[in-house]
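Q: compute the structure for the input listed below.
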Amino acid sequence: MKLLFRLENRTKQSSHPLSCYINVEDTSKKSGRAQITFPVGISIPKGKWNINAGQVRGNSHKTRVINLRIENLKKMFSEELLNYHKKGLRPDKSMLVRVVNKSQGIDIDQKPNVNVRDYLADFLDGIDGRIIKSGKKSKPYAENTKKTYRSFVKLFNEWEDLRSKKGFSYLTLKYTTQQDLKSFTDYLKKERYRQSTIDKRVKVFKAIIGKAEKEDIEVSSAFKRFEAGATDRDENEEIIYLTEDDISKIQSVKDLPNYLENTRRIVYLHLEVGQRVGDMMAITEENIIRNGEQVTFTIINEKTGKEVRIPILNKFALEVVNTGLFKTMKPQVYNRFLKELGKRAGLNNEIEGSLKVKGRNIKVKAKKFKFLTSHVLRRTCLTRLYQEGIPEYYIMLVSRHAKSETLHSYIGRNPDIEREEQLLREFLENAEKKKAPLKGNKS
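A: Numbering: from 1, shown residues only. Have a look, this model is predicted:
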């Protein structure tokens, strides 16, 4: 990419202002390209501009100074372009402004005070050109990640619009306080977002603001202290999984149509191997290893890149792998069929949980089958392993969670607290047995 120059035509003037411009990719244009322009602050006398050379004609002192400034601009542009590439950013107008200001001796190191909503808008505008760096590899943002970011920005703007009606100014990256950020999470609670959803929104917020810091924009320290775990988790938040009675009902239901029978086959294997839905829908015969009567499921986990190997022992799961597996389907379709299967199986007990209402997750009371998703089946598998006393290390070989705390949160259990409670109970019971009867006071 080169920094180019052109004269802005002013027919009634003796000189023309010079502008610099770059051509960038823009998929919204038919040509696939767009032009970004910014004035340089130099005027060129009529007839003196050499279009092919990109310089002023002549050898006067003034001409040499102008040409030197142009060459300096080109050099600064190349340096800034290299810096943008290192950060995984796409060249934009702010880059041109920075280069021109620097060439004019303006203090470009003085970091601007940027409105949060303006930065979020700019971030989304350029998201298609942004890349994620992981070690030596670089890749663009996944479509689901883009969708998550757009959803967050929409939510943030709704909150700020309500806040501004009460007389508050828009938040700035530089001067945002912890009280401001707490006000945002309080709003989410008031809107009945579940705590885990609030934690995810905070995580997305911090990720985007982290990009601003990398772009050398001054950011308030309040964002660094704005941790996802800083808010109190709702202890009453329901961790939904299938009980043995629920599973028995699913096994017993009869006269299912073919698409639900196929769904039930997936459920049997899902309950046995506990993988994420994307991995479940990638299963083929190549993922099944047979050694005599022993059958093992193996797959390279899509999220972690690590191999998972799980012996298959359950008779229903064995029947599935020995009779041709199942037809795969999209995750959304799978979740919809799970609810229908649960309804036919009679999972009608009312529980409290999170359901998507008008595009967002909120707490409601409803029949259990309405909460059935692929996550519930994965959580059921891991919870059953935990309840059967399987050591945590081996459960994590199945779940491929990187941290034990993540596993604990996922299944809603804390082995450390439970172990401490059990030890305390044993001490108290022993003390109770040894306790001598109290003697009455002498009068």
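Q: C-alpha only now, for contacts and for neighbours.
A: Will do.
Q: mind checking how far Lys166 is from Leu407?
A: Here Lys166 is placed at a distance of 42 Å from Leu407 (C-alpha to C-alpha, to the nearest Å).
Q: of the two, which one has the most company?
A: Leu407 (21 against 9; other C-alpha atoms under 10 Å).
Q: pretty sure Tyr21 contacts Glu8?
A: No. Using C-alpha atoms under 8 Å, Tyr21 is not in contact with Glu8, being 11.8 Å away.
Q: of these two, who's got more company?
A: Tyr21 (18 against 14).
Q: show me what the helix or strand that one falls within packs onto, helices and strands only.
A: Tyr21 is part of strand 15-25, with elements assigned from DSSP states H and E. Counting contacts by 3 or more C-alpha pairs under 8 Å, 6 or more residues apart in numbering; DSSP states H and E, strand 15-25 packs against strand 4-7, strand 33-45.
Q: right, and those - which one's nearest Phe316?
A: strand 33-45 (56.6 Å; C-alpha to C-alpha).
Q: can you pull the contacts of the nearest residue to Gln35 once chain neighbours are set aside?
A: Using C-alpha to C-alpha, 6 or more residues apart in numbering and skipping residues adjacent in sequence, the residue nearest Gln35 is Asn23, 4.6 Å away. Contact analysis of Asn23 by C-alpha atoms under 8 Å, 6 or more residues apart in numbering lists 1, 33-36.
Q: so, low pLDDT: which residues of the protein?
A: Residues of the chain that meet the criterion pLDDT under 70 lie in 10-13, 25-29, 87-88, 105-112, 131-138, 227-238, 358-360, 414-420, 435-443.
Q: top helix in it by residue count?
A: helix 61-87 (DSSP state H).
Q: buried set for that helix?
A: Buried residues in helix 61-87, counting neighbours by 16 or more other C-alpha atoms under 10 Å, are found at 63, 66-67, 69-70, 73-74, 76-78, 80-81, 84, 87.
Q: ok, now stretch 249-260?
A: 249-250, 260.
Q: just these now: which is nearest Ser94?
A: Leu260 (54.9 Å).
Q: can you tell me the number of residues neighbouring Leu89?
A: Neighbour tally, Leu89, other C-alpha under 10 Å: 19.
Q: wait, a helix at it?
A: No. Leu89 is assigned coil when assessed by DSSP: H, G, I helix; E, B strand; the rest coil, not a helix.
Q: am I right that it is in contact with Gly129?
A: Yes. Leu89 is in contact with Gly129 according to C-alpha under 8 Å; the separation is 6.9 Å.
Q: residues touching the residue nearest to Tyr21 when sequence neighbours are not counted, list them.
A: Sequence neighbours aside, Thr37 is the residue nearest to Tyr21 in space, at 4.3 Å (criterion: C-alpha to C-alpha, 6+ apart). In this structure, Thr37 makes contact with 19-22, 93, 96, judged by C-alpha under 8 Å, 6+ apart.
Q: any of these buried? List them.
A: Buried among the contacts of Thr37 by 16+ other C-alpha under 10 Å: 19-22, 96.
Q: which one of those sits closest to Arg201?
A: Distances from Arg201 to the buried ones among the contacts of Thr37, taken by C-alpha to C-alpha, are shortest for Leu96, at 32.8 Å.
Q: pretty sure the closest one is touching Pro39, no?
A: No. Leu96 is beyond contact range of Pro39, at 9.3 Å (criterion: C-alpha under 8 Å).
Q: tell me how many other residues surround Pro17.
A: By other C-alpha under 10 Å, 16 other residues sit near Pro17.
Q: could I get the contacting residues of the residue nearest to it when sequence neighbours are not counted?
A: Excluding the flanking residues, the one nearest Pro17 by C-alpha to C-alpha, 6+ apart is Ser43, at 4.3 Å. Applying C-alpha under 8 Å, 6+ apart, we find Ser43 in contact with 15-18.
Q: of the helices and strands packed on strand 15-25, which stretch is the most buried?
A: Most buried of the helices and strands packed on strand 15-25, by mean neighbour count (mean count of other C-alpha atoms under 10 Å): strand 4-7, with a mean of 18.
Q: so what secondary structure elements neighbour it?
A: strand 15-25.
Q: direction included, what does the strand it packs on pair up with?
A: Here strand 15-25 has these sheet partners by DSSP bridges: strand 4-7 (antiparallel), strand 33-45 (antiparallel).
Q: specify the stretch among these that is closest to Arg276.
A: Among those, strand 33-45 sits nearest to Arg276 (C-alpha to C-alpha), with 39.6 Å.
Q: what's the first helix or strand after that closest one?
A: strand 49-50.
Q: rewinding a little: now distance to Ile362 too, for the contacts of Asn23, in CSV please.
A: Formatted as CSV, the contacts of Asn23 follow (distance: C-alpha to C-alpha, whole Å):
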residue, distance to Ile362
Met1, 48
Arg33, 43
Ala34, 42
Gln35, 45
Ile36, 44
